[in-house]
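Undergrad: Fold the following for me, if possible:
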Amino acid sequence: QVQLVESGGGLVQAGGSLRLSCAASGRTDTSYAMGWFRQAPGKEREFIATISWSGFYTYIADSVKGRFTISRDNAKNTVYLQMHSLKPEDTAVYYCAAGRSSTSIRRFQSDYWGQGTQVTVSS
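TA: Next comes the predicted model:
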């Protein structure tokens, strides 16, 4: 079992930045790929970004490309989502996920999910 805990969400003005963190615990000896998703009220969960276990491969959704980056620190069992130039439409609950590969994460086939952290962007 792997437990994922997100942090770093909050209220920010449009144009601002936030960095989300996702700390993993439990069976962290397994080489999991990691990802971020978000879900706005009344909308389906949306894939945002994924990173391979090594960190060499990353994939960012077109909707946030150029504004969001994903990174990880395996020594800290933590994955990050750096968000810049935030827009009101970025308002959502952001979820961290762990999966066997970045491909499985992009296909919404993650093995583990966090509880989410709220990001609210005011105009």
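Undergrad: which stretches of the chain have low pLDDT?
TA: Judged by pLDDT under 70, the chain has no weakly predicted residues.
Undergrad: Strands along that one, start to end?
TA: Along the chain, counting by DSSP state E, strands occupy 2-7, 10-13, 18-26, 33-39, 46-51, 58-60, 68-73, 78-83, 92-99, 112-113, 117-122.
Undergrad: Quick one, which of these gets closest to R106.
TA: strand 46-51 (5.8 Å; CB to CB). Heads up, the C-betas are built off the backbone N, CA and C, glycines and all.
Undergrad: Just the terminal-to-terminal distance for stretch 101-113.
TA: 14 Å (CA to CA, to the nearest Å).
Undergrad: Can you pull out the residues in contact with that stretch?
TA: With contacts defined as CB atoms under 8 Å, 6 or more residues apart in numbering, stretch 101-113 is touched by 1-4, 32-35, 45, 47, 50-52, 57, 59, 95-100.
Undergrad: now do stretch 32-39
TA: With CB under 8 Å, 6+ apart, stretch 32-39 has contacts from 2, 20, 22, 24, 45-53, 70, 72, 79, 81, 90, 92-102, 104-106, 110-112, 116, 119.
Undergrad: one step back: which of the contacts of stretch 101-113 are buried, as a ChimeraX select command?
TA: Buried residues within the contacts of stretch 101-113, by 16 or more other CB atoms under 10 Å, are selected in ChimeraX with:
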select :2,4,32,33,34,35,45,47,50,51,52,59,95,96,97,98,99
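Undergrad: Tell me how far the residue nearest the centre of the chain lies from D29.
TA: Centroid-nearest residue in the chain, with CA atoms, centre = their mean: W36, separated by 2.3 Å. When distance is defined by CB to CB, to the nearest Å, W36 is 22 Å away from D29.
Undergrad: residues touching the nearest residue to Y80 once chain neighbours are set aside, list them.
TA: Nearest non-adjacent residue to Y80, counting by CB to CB, 6 or more residues apart in numbering: S71, 5.0 Å away. S71 is in contact with 51, 55, 58, 79-80, 82, counting by CB under 8 Å, 6+ apart.
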